[in-house]
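Engineer: just coords:
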(Lines give C-alpha, C1' and ligand atoms only; values in the text may rest on other atoms or scores of the structure.)
Protein backbone atom coordinates (compact mmCIF):
# COMPACT_ATOMS: atom_id res chain seq x y z
CA UNK A 1 0.00 0.00 0.00
CA UNK A 2 2.82 2.38 0.92
CA UNK A 3 4.54 1.72 -2.40
CA UNK A 4 1.31 2.44 -4.27
CA UNK A 5 0.88 5.78 -2.45
CA UNK A 6 4.49 6.69 -3.13
CA UNK A 7 4.00 5.87 -6.80
CA UNK A 8 0.82 7.99 -6.94
CA UNK A 9 2.62 10.92 -5.31
CA UNK A 10 5.51 10.47 -7.72
CA UNK A 11 3.11 10.48 -10.68
CA UNK A 12 1.42 13.64 -9.39
CA UNK A 13 4.80 15.35 -9.00
CA UNK A 14 5.88 14.32 -12.50
CA UNK A 15 2.58 15.55 -14.00
CA UNK A 16 2.91 18.84 -12.09
CA UNK A 17 6.44 19.33 -13.42
CA UNK A 18 5.26 18.53 -16.94
CA UNK A 19 2.38 21.00 -16.67
CA UNK A 20 4.60 23.81 -15.36
CA UNK A 21 7.31 23.01 -17.90
CA UNK A 22 4.75 23.23 -20.72
CA UNK A 23 3.45 26.53 -19.35
CA UNK A 24 6.97 27.99 -19.05
CA UNK A 25 7.86 26.91 -22.59
CA UNK A 26 4.61 28.43 -23.86
CA UNK A 27 5.27 31.67 -21.96
CA UNK A 28 8.88 31.78 -23.19
CA UNK A 29 7.76 31.27 -26.79
CA UNK A 30 5.13 34.01 -26.43
CA UNK A 31 7.60 36.53 -24.97
CA UNK A 32 10.21 35.64 -27.58
CA UNK A 33 7.63 36.16 -30.33
CA UNK A 34 6.62 39.52 -28.84
CA UNK A 35 10.26 40.62 -28.71
CA UNK A 36 10.92 39.74 -32.35
CA UNK A 37 7.58 41.18 -33.51
CA UNK A 38 8.22 44.51 -31.77
CA UNK A 39 11.81 44.67 -33.01
CA UNK A 40 10.88 44.06 -36.65
CA UNK A 41 7.96 46.51 -36.47
CA UNK A 42 10.22 49.12 -34.86
CA UNK A 43 12.32 49.22 -38.02
CA UNK A 44 9.56 48.52 -40.54
CA UNK A 45 6.32 46.46 -40.60
CA UNK A 46 7.39 45.14 -44.00
CA UNK A 47 10.12 43.13 -42.23
CA UNK A 48 7.51 40.94 -40.50
CA UNK A 49 7.53 38.59 -43.48
CA UNK A 50 11.03 37.56 -42.27
CA UNK A 51 9.79 36.62 -38.79
CA UNK A 52 11.59 33.49 -37.54
CA UNK A 53 9.51 31.06 -35.49
CA UNK A 54 12.59 29.02 -34.55
CA UNK A 55 14.07 32.09 -32.81
CA UNK A 56 11.17 32.74 -30.41
CA UNK A 57 12.06 30.11 -27.78
CA UNK A 58 15.70 31.23 -27.66
CA UNK A 59 14.70 34.85 -27.07
CA UNK A 60 11.90 33.84 -24.70
CA UNK A 61 14.13 31.86 -22.33
CA UNK A 62 16.48 34.84 -22.11
CA UNK A 63 13.53 37.15 -21.34
CA UNK A 64 12.18 34.78 -18.65
CA UNK A 65 15.54 34.60 -16.88
CA UNK A 66 15.95 38.39 -16.92
CA UNK A 67 12.34 38.85 -15.80
CA UNK A 68 12.96 36.61 -12.78
CA UNK A 69 16.07 38.65 -11.95
CA UNK A 70 13.99 41.85 -12.22
CA UNK A 71 11.22 40.53 -9.92
CA UNK A 72 13.77 39.31 -7.36
CA UNK A 73 15.38 42.78 -7.42
CA UNK A 74 11.96 44.38 -6.78
CA UNK A 75 11.49 42.04 -3.79
CA UNK A 76 14.88 43.05 -2.40
CA UNK A 77 13.91 46.71 -2.75
CA UNK A 78 10.57 46.19 -0.97
CA UNK A 79 12.19 44.22 1.88
CA UNK A 80 14.88 46.89 2.23
CA UNK A 81 12.21 49.60 2.46
CA UNK A 82 10.07 47.71 5.02
CA UNK A 83 12.83 46.56 7.38
CA UNK A 84 15.38 49.38 7.42
CA UNK A 85 15.53 52.85 8.93
CA UNK A 86 14.66 56.05 7.08
CA UNK A 87 18.34 56.96 6.67
CA UNK A 88 19.19 53.60 5.10
CA UNK A 89 16.14 53.87 2.83
CA UNK A 90 17.28 57.27 1.59
CA UNK A 91 20.84 56.04 1.04
CA UNK A 92 19.52 52.95 -0.78
CA UNK A 93 17.28 55.05 -3.06
CA UNK A 94 20.13 57.43 -3.94
CA UNK A 95 22.56 54.56 -4.52
CA UNK A 96 20.15 52.56 -6.71
CA UNK A 97 19.28 55.72 -8.69
CA UNK A 98 22.96 56.40 -9.40
CA UNK A 99 23.53 52.74 -10.32
CA UNK A 100 20.52 52.80 -12.66
CA UNK A 101 21.85 55.81 -14.58
CA UNK A 102 25.41 54.47 -14.57
CA UNK A 103 24.55 50.99 -15.87
CA UNK A 104 22.02 52.43 -18.34
CA UNK A 105 24.87 54.43 -19.88
CA UNK A 106 27.08 51.33 -20.04
CA UNK A 107 24.21 49.33 -21.56
CA UNK A 108 23.52 51.88 -24.31
CA UNK A 109 27.13 52.35 -25.36
CA UNK A 110 28.80 49.32 -27.01
CA UNK A 111 30.92 47.26 -24.60
CA UNK A 112 34.28 45.68 -25.40
CA UNK A 113 32.65 42.25 -25.65
CA UNK A 114 29.13 40.71 -25.48
CA UNK A 115 29.72 39.25 -22.00
CA UNK A 116 30.46 42.71 -20.60
CA UNK A 117 27.29 44.02 -22.23
CA UNK A 118 25.26 41.17 -20.73
CA UNK A 119 26.68 41.90 -17.27
CA UNK A 120 25.99 45.64 -17.57
CA UNK A 121 22.45 44.97 -18.79
CA UNK A 122 21.67 42.64 -15.89
CA UNK A 123 23.14 45.08 -13.38
CA UNK A 124 20.92 47.78 -14.91
CA UNK A 125 17.87 45.48 -14.59
CA UNK A 126 18.76 44.76 -10.94
CA UNK A 127 19.26 48.49 -10.19
CA UNK A 128 15.91 49.39 -11.74
CA UNK A 129 14.17 46.56 -9.89
CA UNK A 130 15.62 47.54 -6.52
CA UNK A 131 14.71 51.19 -7.16
CA UNK A 132 11.12 50.23 -8.03
CA UNK A 133 10.92 48.15 -4.85
CA UNK A 134 12.27 50.99 -2.71
CA UNK A 135 9.66 53.46 -3.97
CA UNK A 136 6.86 50.88 -3.56
CA UNK A 137 5.34 52.62 -0.55
CA UNK A 138 6.12 56.18 -1.61
CA UNK A 139 3.27 58.29 -2.98
CA UNK A 140 -0.34 57.27 -3.61
CA UNK A 141 0.25 54.64 -6.27
CA UNK A 142 -1.99 51.60 -5.76
CA UNK A 143 -0.45 48.13 -5.60
CA UNK A 144 -2.08 47.04 -8.86
CA UNK A 145 -0.87 50.13 -10.70
CA UNK A 146 2.59 49.75 -9.20
CA UNK A 147 2.73 46.10 -10.31
CA UNK A 148 1.56 47.00 -13.82
CA UNK A 149 4.08 49.86 -14.20
CA UNK A 150 6.92 47.72 -12.82
CA UNK A 151 6.18 44.76 -15.11
CA UNK A 152 5.64 46.97 -18.16
CA UNK A 153 8.85 48.93 -17.64
CA UNK A 154 10.85 45.81 -16.80
CA UNK A 155 9.65 43.98 -19.91
CA UNK A 156 10.35 47.04 -22.06
CA UNK A 157 13.92 47.24 -20.78
CA UNK A 158 14.44 43.51 -21.31
CA UNK A 159 12.73 43.22 -24.70
CA UNK A 160 14.11 46.42 -26.22
CA UNK A 161 17.75 45.36 -25.97
CA UNK A 162 19.06 43.76 -29.18
CA UNK A 163 22.69 44.78 -29.57
CA UNK A 164 24.48 42.78 -32.23
CA UNK A 165 27.50 40.68 -31.28
CA UNK A 166 30.80 41.98 -32.64
CA UNK A 167 32.95 38.96 -31.76
CA UNK A 168 31.75 36.62 -34.53
CA UNK A 169 34.27 36.78 -37.36
CA UNK A 170 31.82 35.48 -39.99
CA UNK A 171 29.46 38.38 -39.37
CA UNK A 172 32.22 40.99 -39.18
CA UNK A 173 33.71 39.80 -42.48
CA UNK A 174 30.30 39.79 -44.11
CA UNK A 175 29.61 43.32 -42.82
CA UNK A 176 32.72 44.44 -44.69
CA UNK A 177 31.50 42.75 -47.89
CA UNK A 178 28.07 44.39 -47.57
CA UNK A 179 29.73 47.76 -46.97
CA UNK A 180 31.55 47.40 -50.32
CA UNK A 181 28.17 47.26 -52.07
CA UNK A 182 26.39 49.69 -49.74
CA UNK A 183 28.96 51.90 -47.96
CA UNK A 184 26.45 53.29 -45.45
CA UNK A 185 24.87 49.92 -44.57
CA UNK A 186 24.48 49.14 -40.86
CA UNK A 187 23.56 45.78 -39.32
CA UNK A 188 20.45 46.59 -37.30
CA UNK A 189 19.17 43.19 -36.23
CA UNK A 190 19.55 39.49 -36.88
CA UNK A 191 17.55 36.41 -35.98
CA UNK A 192 18.62 32.82 -36.57
CA UNK A 193 17.71 33.01 -40.27
CA UNK A 194 18.24 36.54 -41.58
CA UNK A 195 20.56 39.54 -41.31
CA UNK A 196 18.83 42.93 -41.49
CA UNK A 197 20.86 45.88 -42.78
CA UNK A 198 19.67 49.47 -42.87
CA UNK A 199 20.77 51.75 -45.71
CA UNK A 200 20.02 55.49 -45.32
CA UNK A 201 17.98 57.00 -48.13
CA UNK A 202 19.98 60.19 -47.73
CA UNK A 203 23.64 59.25 -48.50
CA UNK A 204 24.82 62.19 -46.40
CA UNK A 205 23.37 60.68 -43.23
CA UNK A 206 24.55 57.75 -41.14
CA UNK A 207 22.51 55.23 -39.17
CA UNK A 208 23.24 55.06 -35.45
CA UNK A 209 22.16 51.79 -33.85
CA UNK A 210 22.34 51.91 -30.04
CA UNK A 211 20.81 48.44 -29.71
CA UNK A 212 17.70 49.63 -27.88
CA UNK A 213 14.20 50.16 -29.26
CA UNK A 214 14.25 53.89 -28.59
CA UNK A 215 13.59 56.50 -31.29
CA UNK A 216 16.63 58.72 -31.95
CA UNK A 217 16.49 62.51 -31.53
CA UNK A 218 14.76 64.34 -34.38
CA UNK A 219 18.03 65.69 -35.78
CA UNK A 220 19.51 62.16 -35.92
CA UNK A 221 16.43 60.44 -37.35
CA UNK A 222 17.28 58.63 -40.60
CA UNK A 223 14.87 57.18 -43.16
CA UNK A 224 16.31 53.99 -44.56
CA UNK A 225 15.81 51.10 -46.94
CA UNK A 226 16.62 47.56 -45.92
CA UNK A 227 18.97 44.95 -47.29
CA UNK A 228 18.29 41.40 -46.08
CA UNK A 229 20.37 38.28 -46.47
CA UNK A 230 20.01 34.73 -45.23
CA UNK A 231 22.54 33.71 -42.60
CA UNK A 232 23.58 30.77 -44.79
CA UNK A 233 25.91 33.19 -46.55
CA UNK A 234 28.05 33.40 -43.38
CA UNK A 235 28.95 29.73 -43.62
CA UNK A 236 29.56 29.78 -47.37
CA UNK A 237 32.28 32.34 -46.78
CA UNK A 238 34.19 30.01 -44.45
CA UNK A 239 34.33 27.10 -46.90
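Structural biologist: Okay, I see it. Since this is a predicted model, take the numbers as computed values, not measurements. Numbering: from 1, shown residues only.

Engineer: where do the strands sit along this structure?
Structural biologist: 186-190, 194-200, 224-230 (DSSP state E).

Engineer: quick one: those as a markdown table, columns for distance to residue 134 too.
Structural biologist: Quick note: C-beta positions are derived from backbone N, CA and C, even for glycine. Below are those laid out as a markdown table (distance: least, Cβ to Cβ, whole Å):
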| stretch | distance to residue 134 |
| --- | --- |
| strand 186-190 | 34 |
| strand 194-200 | 39 |
| strand 224-230 | 41 |
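
Engineer: by mean pLDDT, flag the weakest helix or strand of the protein.
Structural biologist: helix 143-160 (a mean of 64; mean pLDDT, DSSP states H and E).

Engineer: circling back: out of the strands of the chain, the one nearest residue 62 is which?
Structural biologist: Taking Cβ to Cβ, strand 186-190 is the member of the strands of the chain nearest to residue 62, at 14.7 Å.

Engineer: partner strands of that closest one and their direction?
Structural biologist: Next to strand 186-190 in the sheet, as set by DSSP bridges, lie strand 194-200 (antiparallel).

Engineer: quick one: mean pLDDT over the partner strand.
Structural biologist: On average, the pLDDT along strand 194-200 is 89.

Engineer: same deal with stretch 116-128?
Structural biologist: On average, stretch 116-128 scores 85.

Engineer: pull out the buried residues from that stretch.
Structural biologist: Buried residues in stretch 116-128, defined by neighbour count with 16 or more other Cβ atoms under 10 Å: 117, 118, 120, 121, 122, 123, 124, 125, 126, 127, 128.

Engineer: low pLDDT regions in this protein?
Structural biologist: Scanning the chain with the threshold set as pLDDT under 70 gives 1-19, 110-112, 137-167, 209-221, 233-234, 236-239.

Engineer: how does it divide into domains?
Structural biologist: Listed domain ranges for the chain are 9-160, 169-236 (source: automatic domain parsing).

Engineer: neighbours of the residue nearest to residue 235 when sequence neighbours are not counted, just the number please.
Structural biologist: On the basis of Cβ to Cβ, 6 or more residues apart in numbering, the spatially nearest residue to residue 235 that is not a chain neighbour turns out to be residue 170, at 7.1 Å. For residue 170, the tally of surrounding residues (other Cβ atoms under 10 Å) stands at 14.

Engineer: same check on residue 36?
Structural biologist: Using other Cβ under 10 Å, residue 36 is surrounded by 25 other residues.

Engineer: show me what contacts it?
Structural biologist: If you count contacts by Cβ atoms under 8 Å, 6 or more residues apart in numbering, residue 36 has them with 51, 52, 55, 56, 59, 191.

Engineer: circling back: please convert the strands of the chain to JSON lines, extending it with mean neighbour count and distance to residue 20.
Structural biologist: Shown next, in JSON lines, are these (neighbours: other Cβ atoms under 10 Å; distance: least, Cβ to Cβ, whole Å):
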{"stretch": "strand 186-190", "mean neighbour count": "21", "distance to residue 20": "32"}
{"stretch": "strand 194-200", "mean neighbour count": "20", "distance to residue 20": "33"}
{"stretch": "strand 224-230", "mean neighbour count": "15", "distance to residue 20": "36"}
